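Colleague: Sequence first, then the predicted structure:
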Amino acid sequence: MNFRNHGFFRRSPPPSVAKPSPAAGNSLSVLGGIAQISPCLYLCSGNAASNRHMVYARAVTCVVNATMEIPNANWPDIDYVKVPVPDLPHAPLSLYFDSVADRIHQTGKKNGRTLVHCVAGVSRSASLCIAYLMKYHRLSLLDAHEWVKNRRPVVRPNVGFWRQLIEYERKLFGKNTVKMVPSPIGLVPDVYEKETRGLVPLWNLR
């Protein structure tokens, strides 16, 4: 992957993370932890975002809550941004790509840190982080997705959000590095093509 001298965004393995002990519980699991995407951006689930110690330990100053299900914690010294979109393919998440990316960027310029979360930290919040990397770090959609996935392996935007990210990439750069392709379970982004090959839809088993 070529990150074209983006400082933090260079060809390197994800930061090493100490393996949690069995007693550490779910808070340090892949789903429960907080992933650092850039020096000023973090990504996590709703459960992690509700852990005051974890959030303050990372000097977060802005929280983007990309859910309709979870209320803002409204803790002192933290600004909250609500993105009230369901995790459904037809939900218009792209309406928030620019405003959330701008907010992350402005917060970083003030030496602040932004935490983006949804319920699981898998689809909505990951899509917003990918859009930010495309807009402000000029990463392609392919590279931005790989970068985020390396730091939070469970990320998986739904198919509708992939379509919106593909459209956003074309708007930003005039070309695309990811495309939708046929698979046994319908159209999927080509980054999932190998893993869906050979799958049999459930309706074919009835």
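Modeller: Noted; the coordinates are in hand.

Colleague: what's the spacing between the closest residue to residue 192 other than its chain neighbours and residue 126?
Modeller: Counting by Cβ to Cβ, 6 or more residues apart in numbering, residue 183 is the residue found nearest to residue 192 once chain neighbours are left out, at 7.3 Å. Yep, even glycine has a C-beta here, placed from its N, CA and C like the rest. Distance, residue 183 to residue 126, by Cβ to Cβ, to the nearest Å: 20 Å.

Colleague: tell me the helices in the chain, going along the chain?
Modeller: 46-49, 52-57, 97-109, 124-137, 141-151, 159-173, 193-196 (DSSP state H).

Colleague: Looking at these, spot the one closest to residue 84.
Modeller: Nearest of the helices of the chain to residue 84, taken as Cβ to Cβ: helix 124-137 at 10.4 Å.

Colleague: now for the closest one, which elements pack on it?
Modeller: strand 34-38, strand 41-44, helix 97-109, strand 114-117, helix 141-151, helix 159-173 (3 or more Cβ pairs under 8 Å, 6 or more residues apart in numbering; DSSP states H and E).

Colleague: returning to what we had before: looking at residue 183 and residue 126 now, which is surrounded by more residues?
Modeller: More crowded of residue 183 and residue 126, by other Cβ atoms under 10 Å: residue 126, with 27 against 19.

Colleague: What residues does that one make contact with?
Modeller: Residue 126 is in contact with 43, 148, 152, 155-157, counting by Cβ atoms under 8 Å, 6 or more residues apart in numbering.

Colleague: ok, for it, nearest residue in space, not its chain neighbours?
Modeller: Nearest non-adjacent residue to residue 126, counting by Cβ to Cβ, 6+ apart: residue 155, 3.8 Å away.

Colleague: ok, that neighbour to residue 76 distance?
Modeller: To residue 76, residue 155 is 30 Å away according to Cβ to Cβ.

Colleague: These two: which is more packed in?
Modeller: residue 155 (21 against 5).

Colleague: burial measure for residue 52, as a count.
Modeller: For residue 52, the count of nearby residues is 11 (other Cβ under 10 Å).

Colleague: Not counting sequence-adjacent ones, nearest residue to it?
Modeller: residue 75 (6.4 Å).

Colleague: So which residues make contact with the worst-scoring helix or strand of the chain on mean pLDDT?
Modeller: Taking mean pLDDT, DSSP states H and E as the measure, the helices and strands of the chain show their lowest mean at helix 193-196, namely a mean of 82. For helix 193-196, the external contacting residues (Cβ under 8 Å, 6+ apart) are 181, 183-185, 188.

Colleague: what about 10 Å?
Modeller: Helix 193-196 is contacted by residues 179, 181-186, 188 when judged by Cβ atoms under 10 Å, 6 or more residues apart in numbering.

Colleague: thinking again about what came up before, if I look at the residue nearest to residue 192, how far off is residue 195?
Modeller: Distance, residue 183 to residue 195, by Cβ to Cβ: 9 Å.
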